[in-house]
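Trainee: based on what follows, work out the 3D shape:
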Amino acid sequence: MSPTTLPAGPEHGHVTFLGAGPGDPGLLTLRAVEALTNADVLVAGHEVLDVVRVHARSGVAVVDTDTELPSAPGPGTGAPQLTVVDGTSTTPAVPAVRDAAHLVMEAARGGRRVVRAVSGDPGLDAYAAEEMLACVRAGVPFEVVPGVAAAVGVPAYAGVPLRDAQGADVRFVDARTASDRCWTEVGVSDGTVVVSTSLDSVGAAAGELVAAGRKPDTPMTVTVAGTTTRQRTWTATLGTIAQTLKQAKVLPSPEGGRPVIAVVGERSAAAQRDQLSWFENKPLFGWKVLVPRTKEQSASLSDQLRSYGAVPHEVPTIAVEPPRTPQQMERAVKGLVTGRYEWIAFTSVNAVKAVREKFEEYGLDARAFAGIKVAAVGEQTAKALVAFGVKPDLVPSGEQSAAGLLEDWPPYDPVFDPIDRVFLPRADIATETLVAGLIELGWEVDDVTAYRTVRASPPPADTREAIKGGGFDAVLFTSSSTVRNLVGIAGKPHNVTVIACIGPATAKTAEEHGLRVDVMAPEPSVHKLAEALADFGLKRRAAAVEAGDPVTRPSERRPGARRRRSTT
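Mentor: Residues are numbered from 1 along each chain as shown. This next block holds a predicted model:
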């Protein structure tokens, strides 16, 4: 898409200093989401942008403060200009200035609404106060939206409460700027100390505390990548933490400069972390799960997987194309307008999309459904209809499938139903279950191909390599076609990858392709499939703990390791 240039101007804009929290996007406040939705410009470092950009509107200008940018001023005004690329995945194109404060000032020119997002909370950011003062000097109005501070949020995700019933004193120390006096004060205290430092400086911070008077056997926890699915926590003491990190092969490391949160203190509940570590003990914590996408359920399925601690990776395995002969669809839509049908039944989001596109082609809108009863096969399809402006009259009360829809579908009654015909727009490869069931109930059915499903293009090379090389911990197959299409476009998953199938037919297809099925859903539901995988992960974790083995993900096994067949 061609970029659109936002002209710079003399008018003052508005700046929102926003706390993005410690890393989990779910920790953003409602006020933060509102500010992001209304922003014209986002200014933040790369990792913070990953957290906040998903809530920004399409067309927002993105300024990555970690990126070196050109310094040419905009033409005519002597001030920089912002170049915006449509969509939220924009690339920074704001000329670099000497510091972030000047950059924020220039971004606010022309009356633009700027969100300056920082990690954690703005009140604890070393430079946010300076940027706020710059706004004051420039006459730019600003506001502050607090966020969850890393020093508080990370210990909570690590299962390390900072206070107990006795109300222990809690001190916060930034090891990068702490003075000798600061170390002395926390050293003589018997309270809890929360230290913000880097991975390769943890040992030095522990040494400072010991030198200041803390006992070497004082419990200490160290957490890296807190509140994200990359989180990892080590429990040791002030005297042993350096050796613990060395034995864990964490240090020395090129990534030793990564920020960490360390919690020190007798009453910091470090000894109880095994029971309180709710986040890292999620059943699929850190698992990279491949979700071959063929249905609209993939979005809700991915959300469910995230709730189990997994990192879903969606790969389209089919593409949707118009029917080869559109005349049948055109006749059906015209019949819809002229009163030919009593019902229209939508069996997928794609069917809703196909009819909506045909409506737009004819200049029609949702009002054309007046007097027609509308059925949707499930909640996702119903949501697509509501977005179109149509509230469905019938959604299955039980199983969200063609069979579930038939259970609630009324039989044709010539007394109450003036018309006996149903319009069924669907895919070219759809099964005949719904058609046969409606005919059995006394209805005439116009079974119309609204769209075709074809095999999607292969995913990127790195995804294909991860599939074949064991980079994924699990893959969810929701139909036989997902098995065939994924293997066809990307290759067969590695033998260390856990294979989960929605039912016997899908499992049989997987086995025919040389895959060993580890997990099968107790009933044909994508959500039950995700639950079954989570149960598998929970049992796997429990077995490792009981055996005294480290808890690892399937992809961390030795390449080529033989898998044991699961009875799940």
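
Trainee: just the endpoints, please. Distance across stretch 214-223?
Mentor: 20 Å (CA to CA, to the nearest Å).

Trainee: in that stretch, what's buried?
Mentor: 214, 218-223 (16 or more other CB atoms under 10 Å). No exception for glycine: its C-beta is placed from N, CA and C like everyone else's.

Trainee: just the mean pLDDT for that stretch, thanks.
Mentor: Per-residue pLDDT over stretch 214-223 has a mean of 94.

Trainee: next one: stretch 117-133
Mentor: On average, stretch 117-133 scores 91.

Trainee: what about the buried residues of stretch 214-223, which are in strands?
Mentor: Judged by DSSP state E, the buried residues of stretch 214-223 include 219-223 as members of strands.

Trainee: so where do the strands sit in the stretch 301-450 of the chain?
Mentor: Counting by DSSP state E, counting those that start in this stretch, one finds strands in the stretch 301-450 of the chain at the ranges 311-316, 318-321, 343-346, 373-376, 421-427, 444-455.

Trainee: show residues contacting the fifth one.
Mentor: Put plainly, it is strand 421-427. For strand 421-427, contacts defined as CB atoms under 8 Å, 6 or more residues apart in numbering pick out 329, 332, 335-336, 340-348, 350-351, 354-355, 434-435, 438, 443-453.

Trainee: also the longest one?
Mentor: For strand 444-455, the surrounding residues in contact (CB under 8 Å, 6+ apart) are 294, 317-324, 328-329, 332, 335, 341, 350-351, 353-355, 420-429, 435, 438-439, 485, 488-489.

Trainee: between it and strand 421-427, how many degrees?
Mentor: Calculated by axes from the mean of the first three to the mean of the last three CA atoms, to 10 degrees, strand 444-455 forms an angle of 10 degrees with strand 421-427.

Trainee: which neighbours does strand 444-455 have in its sheet, and in what orientation?
Mentor: strand 318-321 (antiparallel), strand 421-427 (parallel) (DSSP bridges).

Trainee: mind putting those into CSV with mean pLDDT?
Mentor: Formatted as CSV, these follow (pLDDT from 0 to 100):
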stretch, mean pLDDT
strand 318-321, 83
strand 421-427, 92
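
Trainee: deepest in the core, which of those strands is it.
Mentor: strand 421-427 (a mean of 22; mean count of other CB atoms under 10 Å).

Trainee: and residue 471, how many neighbours?
Mentor: If you count neighbours by other CB atoms under 10 Å, residue 471 ends up with 19.

Trainee: give the contact list for it.
Mentor: With CB under 8 Å, 6+ apart, residue 471 has these contacts: 288, 465, 494, 555.

Trainee: again with residue 391
Mentor: Applying CB under 8 Å, 6+ apart, the residues near residue 391 are 374, 385.

Trainee: go on, the one 4 residues further on?
Mentor: Residue 395 makes contact with 375-379, 382 under the criterion CB under 8 Å, 6+ apart.

Trainee: now with 6 Å, please.
Mentor: 376, 382 (CB atoms under 6 Å, 6 or more residues apart in numbering).

Trainee: what does it show for phi and psi?
Mentor: phi -130, psi 140 (degrees, to the nearest 10).

Trainee: distance to residue 107 and secondary structure added to the contacts of residue 471, as CSV?
Mentor: Shown next, in CSV, are the contacts of residue 471 (distance: CB to CB, whole Å; DSSP: H, G, I helix; E, B strand; the rest coil):
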residue, distance to residue 107, secondary structure
288, 36, strand
465, 39, helix
494, 46, coil
555, 41, helix
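
Trainee: mind putting the residues you listed in JSON lines, pLDDT and distance to residue 263 included?
Mentor: Formatted as JSON lines, the contacts of residue 471 follow (pLDDT from 0 to 100; distance: CB to CB, whole Å):
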{"residue": "288", "pLDDT": "97", "distance to residue 263": "28"}
{"residue": "465", "pLDDT": "95", "distance to residue 263": "39"}
{"residue": "494", "pLDDT": "96", "distance to residue 263": "38"}
{"residue": "555", "pLDDT": "94", "distance to residue 263": "30"}
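
Trainee: and those, which are buried?
Mentor: Of these, these count as buried by 16+ other CB under 10 Å: 288, 494, 555.

Trainee: I'd like to know how many residues surround the spatially closest residue to the second one that is not a sequence neighbour.
Mentor: Read that as residue 494. Of all residues not flanking residue 494 in the chain, residue 470 sits nearest, at 3.6 Å (CB to CB, 6 or more residues apart in numbering). Burial of residue 470 is recorded as 21 neighbouring residues (other CB under 10 Å).

Trainee: now do the same for residue 470: its pLDDT.
Mentor: Looking at residue 470, its pLDDT reads 95.

Trainee: phi and psi next, for it.
Mentor: With angles defined as degrees, to the nearest 10, residue 470 sits at phi 90, psi 20.

Trainee: low-confidence ranges in this structure?
Mentor: Counting by pLDDT under 70, the chain contains low-confidence ranges at 1-11, 68-98, 167, 267-271, 294-299, 430-431, 558-568.

Trainee: report the longest helix in it, please.
Mentor: Assignment by DSSP state H gives helix 526-546 as the longest helix of the chain.

Trainee: what's the angle from that one to strand 311-316?
Mentor: Going by the same axes, to 10 degrees, helix 526-546 makes 140 degrees with strand 311-316.

Trainee: what helices or strands is helix 526-546 leaning on?
Mentor: helix 298-307, strand 519-520 (3 or more CB pairs under 6 Å, 6 or more residues apart in numbering; DSSP states H and E).

Trainee: buried deepest among these, which one?
Mentor: Most buried among these, counting by mean count of other CB under 10 Å: strand 519-520, with a mean of 21.

Trainee: and that one, which strands flank it?
Mentor: Strand 519-520 is paired, per DSSP bridges, with strand 498-501 (parallel).

Trainee: ok, then the element right after the strand it pairs with?
Mentor: Next in sequence after strand 498-501, counting helices and strands by DSSP states H and E, comes helix 504-512.

Trainee: what sits up against that next one?
Mentor: The contact list for helix 504-512, computed with CB under 6 Å, 6+ apart, reads 477, 479-480, 483, 499, 501, 517, 520.

Trainee: and the angle for that helix with helix 526-546?
Mentor: Computed by the same axes, to 10 degrees, the angle separating helix 504-512 from helix 526-546 equals 60 degrees.
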